[in-house]
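A.B. asks: The following block contains a protein sequence and its predicted model.
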Amino acid sequence: MSAIISTNTFWTLWLFAHLICALGLLGAVTHQAMAVALPVRKPAAGIVARFRAVPAAGYATAVCALYVIVFLIGSFIYTQYRIAIRIPLEAEHYYKTGGFFDFKEHMAAIGLVLLPAYWYFWKNAQSPEYDNARKGVTLVLAVIVWFLFIVGHVLNNSRGFAS
Amino acid sequence: MSTTTTVSTTMQPTSSLARSPKFKAFAITFSISGPVIYCLVQYFNYPLVTYWPAIGRLVWGLEAARPNSGPNMLWYGWTLTTIIIAGALGIIAMLVPERITKKIPLWLVWLFPILVVPYVVYSLMYWWRLAARQ
């Protein structure tokens, strides 16, 4: 690989792919969360109402697929983080940053195991018995995804690849 | 152009998986037990594998720190152990009669991920102590 692109470029490209997929996931799950938390009951006027008025059930499979893709890419670049990022972070006493990254890894795994129930609830969106559970799990998943995104973003600002 | 809401009340599940009571039992059991199992696996430290990124070494189970090998990574192992145990519980739930699995409270799916957060924060005490010493 080093003959084609440098090691830093290689990992930065994977980090970029992780970011792009995470942005898609963030958008989709935020639409859904808004749709279940503040459903639009009448024809939507204005950008906020239209943001809430998406056909949210159609996002479920995409959210699951994007979550798994982001998770797998993140798992791959995590190996490089452990050596090239975390060790210097500890050496420079960025303990809170390191702690929040470990918090992120745990929440990512917890979010992953929610996906089967989340998908099932959304695929049965016509059943009122799942309404509360669907709302709850969607909001929890949205909070997890936002948390993962913000921590990853701050960490990249602290010490991204090639820094 | 105007748009209207969100969750269609007339849409039927198109996937046979989404209509299957057995998949429902699996999915709900997997997602309810997953967060709790993950915390237990991490607390008792039962990774399925240990990875050493500096030397590219992957071994079964837990392998403690070794000289000249760099840091070890347990998170992959914890996640895999969790998926296997939660998956096994989900398969067991598929074999249980539907009249029993229907009684599983669905709100546990979103409650447990919230309840485990204090434990997760506590488990990272190593970092918070170091940060507090600064």
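C.D. replies: All right, it came through fine.
A.B. asks: Tell me the predicted confidence for the residue nearest to the spatial centre of chain B.
C.D. replies: Here the mean C-alpha position of chain B is nearest to the C-alpha of residue B:34 (Cα atoms, centre = their mean), at a distance of 3.7 Å. Residue B:34 is assigned 98 on the pLDDT scale.
A.B. asks: which secondary element of chain A has the worst mean pLDDT?
C.D. replies: helix A:47-52 (a mean of 68; mean pLDDT, DSSP states H and E).
A.B. asks: Give the next helix or strand downstream of the lengthiest helix in chain B.
C.D. replies: The residue-count maximum for a helix in chain B (DSSP state H) belongs to helix B:21-44. For helix B:21-44, the following helix or strand on the C-terminal side (DSSP states H and E) is strand B:49-52.
A.B. asks: Is any residue of that next one near chain A?
C.D. replies: Yes. Strand B:49-52 reaches chain A (Cβ under 8 Å from any Cβ of the partner chain) through residue B:51. The C-beta positions use only the backbone N, C-alpha and C, and glycine is treated the same way.
A.B. asks: distance between that strand and the chain's centre?
C.D. replies: 19 Å (Cα atoms, centre = their mean, to the nearest Å).
A.B. asks: which helices and strands does it pack with?
C.D. replies: Applying 3 or more Cβ pairs under 8 Å, 6 or more residues apart in numbering or on different chains; DSSP states H and E, we find strand B:49-52 packed against strand B:57-60, helix B:75-95.
A.B. asks: quick one: strands adjacent to the shortest one?
C.D. replies: Same thing as strand B:57-60. Using DSSP bridges, strand B:57-60 pairs in its sheet with strand B:49-52 (antiparallel).
A.B. asks: In chain A, where's the longest helix?
C.D. replies: Per DSSP H, chain A has its longest helix at helix A:7-37.
A.B. asks: for that helix, which positions count as buried?
C.D. replies: A:11-12, A:14-15, A:18-19, A:21-22, A:24-26, A:28-29, A:31-36 (16 or more other Cβ atoms under 10 Å in any protein chain shown).
A.B. asks: Off-centre distance for that helix?
C.D. replies: Counting by Cα atoms, centre = their mean, helix A:7-37 comes out at 6 Å from the chain centroid.
A.B. asks: That one and chain B, any residue contact?
C.D. replies: Yes. For helix A:7-37 and chain B, the contact criterion (Cβ under 8 Å from any Cβ) is met by A:35-36.
A.B. asks: still on that earlier bit, right, and the residue nearest to the centre of chain B touches residue B:86 too?
C.D. replies: Yes. Taking Cβ atoms under 8 Å as the definition, residue B:34 is a contact partner of residue B:86 at 4.4 Å.
A.B. asks: Name the residues contacting each of those two.
C.D. replies: residue A:113 (Cβ atoms under 8 Å, 6 or more residues apart in numbering or on different chains).
A.B. asks: pLDDT value on residue B:7, please?
C.D. replies: 46.
A.B. asks: residues contacting the closest residue to residue B:93 other than its chain neighbours?
C.D. replies: Excluding the flanking residues, the one nearest residue B:93 by Cβ to Cβ, 6 or more residues apart in numbering or on different chains is residue B:29, at 3.8 Å. Residue B:29 makes contacts with B:86, B:89-90, B:92-93, B:101, B:104, as judged by Cβ under 8 Å, 6+ apart.
A.B. asks: Any stretches of chain B with poor pLDDT?
C.D. replies: B:1-14 (pLDDT under 70).
A.B. asks: and the angle for the host helix or strand of residue A:137 with helix B:21-44?
C.D. replies: In this assignment (DSSP H and E), residue A:137 forms part of helix A:131-159. Per axes from the mean of the first three to the mean of the last three Cα atoms, to 10 degrees, the angle that helix A:131-159 makes with helix B:21-44 is 40 degrees.
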